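S.K.: Quick one, what's the 3D model for this:
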Amino acid sequence: MNQLSALLTNDVETTSIWFNDLRDETGFKVMKEGMPLLLDLYHKYDVKSTFYFTAYIAKLLPDVVRMVVKDGHEVGSHGKSHTKENGFDIMPFSRQKAHLDYSKKLLEDISGQEVVSFRAPALRVCSLTAKALLETGFVTDSSIASQRFDFFLSFGSKQKLSFIGAPRLPYRTKTNDIFSKGSSQLVEVPLSATLIPFVGTTMRIMPWVTSMQQHLLHCESRINSKPVVFGIHPNEFIDESSESRTIKRRSRNPVAYLLTDYLRAHLKVKNLGPQAVPIYEKMIRYYAERNYSFTTVKDYVKETFPG
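M.R.: Next comes the predicted model:
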């Protein structure tokens, strides 16, 4: 049997789960509290991982990027910022390219390494995002969550309908369609899902579901060598609950507010902070005991898609 791979990926931003908003104060807590806990856990299990940074947090706190480089992880781009209006599903092609160029150059200047991997904020992409990535020098993308069906709880739900039919195995994309298999130089490494997303939020809210997912995904990997791709955020390891909470309303539509703001914000705070560490460690240990290779997205693609 071929070596199985677990890609433990991380989105680094200033999003406060507690306040359902972007806050510079949260970025500082991510650097001082969340990242050390996460990096120590990865060091313990000899995990090499990919961290996708927004340009906003990288410019605000360049040391949060350097601490990842110091531990031998890959630096990837998470776009320019995580604001609603900067979704790659709604930005015109020229603006997508500008955001990619900006974030790539900034992260390369800070990290001293070439940045070739991308994940869109909130996984919001459109078909032409593939062309924008190709024209700005990116080699990998991990914004597609094949067969994931929770997008009605997030922004960009219309484009995310394409997740349902997207290939499950990593694939070269079409130049003009990131959701479809083609022959371009861009390799899509889909986030794992079993209709329910395989991410930190699910792990914290419903650890028993994640346990079931692990077994299902492991069986799939044994059959077709599909990598397990898990997504988590260092802001899931910080605790802001000592501060009085108000939930920011980001949508005027009452149904959208109920689903993407109010309901989502209340669900996502379970097991936030240091108490998330043992839950995540249990998940990592599952793969360590089964001899999975913990590698970066860039190295996985280099090994699996030579040339």
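
S.K.: what's the longest strand in the protein?
M.R.: strand 5-12 (DSSP state E).

S.K.: Direction included, what does that strand pair up with?
M.R.: strand 50-53 (parallel), strand 228-232 (parallel), strand 293-294 (parallel) (DSSP bridges).

S.K.: Packed most tightly, which of those strands would that be?
M.R.: strand 50-53 (a mean of 28; mean count of other CB atoms under 10 Å). Where you see a C-beta, it was placed from the backbone N, CA and C, and this is true even at glycine.

S.K.: ok, residues contacting it?
M.R.: 7, 9-13, 64-65, 68, 73-78, 103, 107, 117-119, 142, 296-298 (CB atoms under 8 Å, 6 or more residues apart in numbering).

S.K.: Among these, name the ones in strands.
M.R.: When the contacts of strand 50-53 are checked against strands (DSSP E), the matches are 7, 9-12, 74-77, 117-118.

S.K.: Of those, just say which sits nearest to residue 277.
M.R.: Distance to residue 277, by CB to CB, is smallest for residue 10 among the ones in strands among the contacts of strand 50-53, at 14.0 Å.

S.K.: So that closest one versus residue 291, what's the distance?
M.R.: Counting by CB to CB, to the nearest Å, the separation of residue 10 from residue 291 is 22 Å.

S.K.: now swap in residue 77 and tell me
M.R.: Residue 77 is 31 Å from residue 291, where distance means CB to CB.

S.K.: Residue 79 contacts residue 120, doesn't it?
M.R.: Yes. Counting by CB atoms under 8 Å, residue 79 does reach residue 120; the two are 6.1 Å apart.

S.K.: Need the overlap of contacts for the two.
M.R.: Joint contacts of residue 79 and residue 120 (CB under 8 Å, 6+ apart) are residue 88.

S.K.: Where does pLDDT dip in the stretch 201-307 of the chain?
M.R.: Along the stretch 201-307 of the chain, the parts satisfying pLDDT under 70 run over 245-266.

S.K.: Now do the helices in the protein.
M.R.: With DSSP state H as the criterion, the chain has helices at 24-29, 35-44, 55-60, 62-70, 93-111, 129-135, 157-160, 200-205, 207-224, 254-256, 264-267, 276-289, 297-304.

S.K.: Let me know the closest of the ones in strands among the contacts of strand 50-53 to residue 227.
M.R.: Comparing those against residue 227 with CB to CB picks out residue 7 as the nearest, at 5.4 Å.

S.K.: List the residues that contact residue 137.
M.R.: 104, 116.

S.K.: can you check residue 305 too?
M.R.: By CB under 8 Å, 6+ apart, residue 305 lies in contact with 170, 172, 187.

S.K.: Let me know the closest of the residues you listed to residue 220.
M.R.: residue 170 (13.1 Å).

S.K.: burial measure for the spatially closest residue to the closest one that is not a sequence neighbour, as a count.
M.R.: Leaving aside its sequence neighbours, residue 170 sits nearest to residue 189 (CB to CB, 6 or more residues apart in numbering; 4.7 Å). Look at residue 189: counted by other CB atoms under 10 Å, it has 26 neighbours.
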